[in-house]
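Asker: Fold the following, please.
(one chain, ligands or ions: 1)
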Amino acid sequence: MPDMLVNLLKLPKEGALLDTLRTDGIEIRRAVSPDRHRILPRIAELMGPSAASECEACFARVPVSLFIATQGAQILGFAAYNATAPDFFGPTSVAQACRGKGIGKALLIRALRALREEGYVYAVIGGVGPAAFYAAAVGATLIADSDPGIYEDFLGRLESISPQT
Ligand SMILES: CC(C)(COP(=O)(O)OP(=O)(O)OC[C@H]1O[C@@H](n2cnc3c(N)ncnc32)[C@H](O)[C@@H]1OP(=O)(O)O)[C@@H](O)C(=O)NCCC(=O)NCCS
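Answerer: Predicted coordinates for the structure are as follows:
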């Protein structure tokens, strides 16, 4: 799975999208530490235990480098940055039933904007995934010869390509 590069100086504005989501009662908010025990199990449900482990690292940072999409107290999706490597976006996922409403795009732009606010000019989307989504949403381009990249030492990847004994 290759990485993608995003120019953070050319991020689309997310204001209108956030307003549309808000009319459905959906908010994009930064995760806070008191919700760690609520959020990590939900990430495991949405994307599996490795994604939850990755996002655990976000809670070691202040502010937490993780955004969530909520409707009331329900968590509909999440997007992490600076989780497995600095200046990296991901992992991210939106609940199956809530896809196609702009939530994934709003989470993506919000997290990338946070990286820009930390001073980065370009960001890496690690190990994609739906390249067409990232290309259309934020103009991301594939990085040549970037597979397996930072995930080279990820045991979960090795499990999927070598039989268990
Ligand atoms: C990728 C994902 C986060 C997108 O979330 P979403 O809320 O459904 O996406 P949005 O509704 O914000 O879509 C924004 C645009 O991207 C398009 N899009 C969404 N998913 C896409 C995909 N997999 N491939 C191509 N385009 C996609 C939408 O059609 C929409 O286009 P539009 O603006 O022209 O209407 C979601 O599909 C998901 O959770 N997938 C499984 C986990 C995953 O693949 N995570 C990424 C790992 S790198």
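Asker: which helices and strands sit right next to whichever helix in the chain runs longest?
Answerer: Taking DSSP state H as the criterion, the chain has its longest helix at helix 103-117. When contacts are defined as 3 or more Cβ pairs under 8 Å, 6 or more residues apart in numbering; DSSP states H and E, helix 103-117 sits against helix 15-23, strand 26-30, strand 66-71, strand 74-81, strand 88-94, strand 122-125, helix 131-138. C-beta coordinates here come from the backbone N, C-alpha and C atoms, glycine included.
Asker: who touches stretch 138-147?
Answerer: Contacts to stretch 138-147, defined as Cβ atoms under 8 Å, 6 or more residues apart in numbering, come from residues 1-7, 10-12, 108-109, 112, 124-125, 127-128, 131, 134-135.
Asker: how about the helices and strands packed on helix 103-117 in CSV, adding distance to the ligand?
Answerer: Formatted as CSV, the helices and strands packed on helix 103-117 follow (distance: least, Cβ to the nearest ligand atom, whole Å):
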stretch, distance to the ligand
helix 15-23, 8
strand 26-30, 10
strand 66-71, 8
strand 74-81, 7
strand 88-94, 4
strand 122-125, 7
helix 131-138, 4
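Asker: Let's have those in JSON lines, adding mean pLDDT and mean neighbour count.
Answerer: Supplementary listing: the helices and strands packed on helix 103-117 in JSON lines, determined by pLDDT from 0 to 100; neighbours: other Cβ atoms under 10 Å:
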{"stretch": "helix 15-23", "mean pLDDT": "98", "mean neighbour count": "13"}
{"stretch": "strand 26-30", "mean pLDDT": "98", "mean neighbour count": "17"}
{"stretch": "strand 66-71", "mean pLDDT": "98", "mean neighbour count": "23"}
{"stretch": "strand 74-81", "mean pLDDT": "98", "mean neighbour count": "24"}
{"stretch": "strand 88-94", "mean pLDDT": "98", "mean neighbour count": "24"}
{"stretch": "strand 122-125", "mean pLDDT": "98", "mean neighbour count": "22"}
{"stretch": "helix 131-138", "mean pLDDT": "98", "mean neighbour count": "16"}
